[in-house]
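Engineer: Sequence plus the predicted model coming up.
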Amino acid sequence: MNTSRIALVTGANQGLGRALAEGLAARLGPDDLVLLTGRDPGRVTDAAV
């Protein structure tokens, strides 16, 4: 049985938060989810792309 995982990264638009989000996105499977949060929605959107 495979269970999907969810990761929530705060401060994901720069620095360590962004590096962590990128690393998780690279390592997690296609059924897993990485959620990004930050104070500036525009910068978070840029980090997600």
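Structural biologist: Yep, it's here. Because the structure is predicted, anything quoted here is derived from the model rather than measured. Residues are numbered from 1 along each chain as shown.

Engineer: For residue 30, give its distance to residue 4.
Structural biologist: 9 Å (CB to CB, to the nearest Å). C-betas here are computed from N, CA, C, even on glycine.

Engineer: Neighbour count for the two, which is higher?
Structural biologist: residue 4 (10 against 5; other CB atoms under 10 Å).

Engineer: could you say which helix or strand contains that one?
Structural biologist: Assigned by DSSP states H and E, residue 4 belongs to neither a helix nor a strand.

Engineer: list the contacts for it?
Structural biologist: Taking CB atoms under 8 Å, 6 or more residues apart in numbering, we find residue 4 in contact with 29, 31-33.

Engineer: do that again at 6 Å, thanks
Structural biologist: Contact partners of residue 4, counting by CB atoms under 6 Å, 6 or more residues apart in numbering, are 31-32.

Engineer: got a pLDDT number for it?
Structural biologist: Looking at residue 4, its pLDDT is 92.
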